[in-house]
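Participant: the sequence isn't on hand, but the structure is:
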Ligand code: UT7
């Protein structure tokens, strides 16, 4: 576990997002499994999610999010020198989604890498981008969270199929011309011993010797992950703020991974950060893993809730079990 103030020259200079057209409502799920709208809303807050088309993959969603960023912020893509994509649902293991984005967006000389930290992936991507910028290796980095979780969701398992959805969010992170970055503090922690509580198998039939289902689908011990999330995320958020010397009331927006509205409410209660200052994407998009934080952020950027000068705390958590937090000052105008 590591929590620290950061040296930083990183600034987010553009944001974009995309969700597929097809909407899967709770009423639709009632016809698929033994569930009901009231249970889903009461336990999770989720009302609907977006589902990618059969031939629509994580790279397609990522490219659409990048196009949105490009149009809204008139961003130049040609001089991006690194692409980091956080996803648990790459179109192919290789080439990476990042390589596909490089090609589709005509970003000629960029490095490209996919990272996999489940729902903590987007914030982990920002942390890595910050290091590349500070080292001087890069000047302009595209960080994307993109998921087609519907393609690995078991729609016969009512405890998981009500949760997940598809979407993508992208940001440009650049080295500030005056060297004064906007990233303030970061936190990372992992509890690999509890990894078997949330997984999707690829090649192995066990985690730490414990047998697991080998089909390519999400398996979750929801209750265990719930308990872990509310304690770990609340503690992590407070630790991150304390490390930065910031009292919870001074934070403008907390943006935790949108896993479940009840988890967010519990974190809000435990940290003293009122729900009116918590951003979410879970109610209309479900749990979109690595995409949930940039989606929640972009919803609030678009409607003007997030404004330049505000303090934001992004906090990813999930499969691993892993966590990544980042405190930053927002500098972008709403568009
Ligand atoms: O993104 C990565 C991180 N993931 C998370 O943070 C998810 C954390 N976990 C959760 O959000 C919650 O545990 C769930 C929403 C997944 C489940 O809620 P819960 O309150 O923990 O329910 P439970 O699994 O303890 O199940 C309670 C009851 C069970 O029935 P019995 O055994 O009490 O008769 C389940 O069979 O609810 C039943 N149930 C359902 N009933 C109607 C489970 N799923 C459903 C359903 N509809 N969809």
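Facilitator: Nice, thanks for sending it over. All values reported here derive from a predicted model rather than from experimental measurement. Numbers count the residues shown, from 1 in each chain.

Participant: only C-alpha atoms for contact and neighbour calcs from this point on.
Facilitator: Noted.

Participant: and the pLDDT at the residue of the stretch 51-200 of the chain found nearest the ligand?
Facilitator: Across the stretch 51-200 of the chain, the shortest distance to the ligand (Cα to the nearest ligand atom) belongs to residue 159, at 3.7 Å. Note on residue 159: pLDDT of 95.

Participant: need the contact list for it.
Facilitator: Contacts for residue 159 (Cα atoms under 8 Å, 6 or more residues apart in numbering) come out as residue 222.

Participant: distance of it relative to residue 40?
Facilitator: Distance, residue 159 to residue 40, by Cα to Cα, to the nearest Å: 10 Å.

Participant: so how far is residue 93 from the nearest residue to residue 194 once chain neighbours are set aside?
Facilitator: Using Cα to Cα, 6 or more residues apart in numbering and skipping the chain neighbours, the partner closest in space to residue 194 is residue 321 (6.2 Å). Residue 321 sits 21 Å away from residue 93, taking Cα to Cα as the criterion.

Participant: now stretch 249-261: buried residues?
Facilitator: Within stretch 249-261, the residues that count as buried by 16 or more other Cα atoms under 10 Å are 251-261.

Participant: ah, wrong one, I meant stretch 73-89
Facilitator: 73, 75, 77, 80-89.

Participant: now the strands for the stretch 151-300 of the chain?
Facilitator: For the stretch 151-300 of the chain, the strands defined by DSSP state E, counting those that start in this stretch occupy 166-175, 183-190, 198-200, 206-207, 210-211, 218-220, 253-256.

Participant: redo these as a markdown table? Include distance to the ligand and mean pLDDT.
Facilitator: Shown next, in a markdown table, are those (distance: least, Cα to the nearest ligand atom, whole Å; pLDDT from 0 to 100):
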| stretch | distance to the ligand | mean pLDDT |
| --- | --- | --- |
| strand 166-175 | 13 | 98 |
| strand 183-190 | 13 | 97 |
| strand 198-200 | 7 | 95 |
| strand 206-207 | 17 | 94 |
| strand 210-211 | 20 | 91 |
| strand 218-220 | 8 | 95 |
| strand 253-256 | 11 | 98 |
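
Participant: would TSV of those strands with distance to residue 302 be doable?
Facilitator: As requested, the strands of the stretch 151-300 of the chain are exported to TSV (distance: least, Cα to Cα, whole Å):
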stretch	distance to residue 302
strand 166-175	13
strand 183-190	21
strand 198-200	33
strand 206-207	41
strand 210-211	45
strand 218-220	31
strand 253-256	15
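
Participant: more neighbours: residue 321 and residue 93, which one.
Facilitator: Just comparing residue 321 and residue 93: by other Cα atoms under 10 Å the higher neighbour count belongs to residue 321, 24 against 10.

Participant: hang on, that one packs against residue 195?
Facilitator: Yes. Look at residue 321 against residue 195 with Cα atoms under 8 Å: they come within range, at 5.2 Å.

Participant: tell me which element residue 327 is part of?
Facilitator: Element membership of residue 327 [criterion: DSSP states H and E] is strand 322-329.

Participant: number of residues surrounding the residue in the stretch 1-150 of the chain positioned nearest to the ligand?
Facilitator: Among all residues of the stretch 1-150 of the chain, residue 35 sits closest to the ligand, at 3.6 Å; criterion: Cα to the nearest ligand atom. The tally of other residues near residue 35 (other Cα under 10 Å) stands at 16.

Participant: quick check: bridge partners of residue 22?
Facilitator: Taking DSSP bridges as the rule, residue 22 bridges to residue 51.
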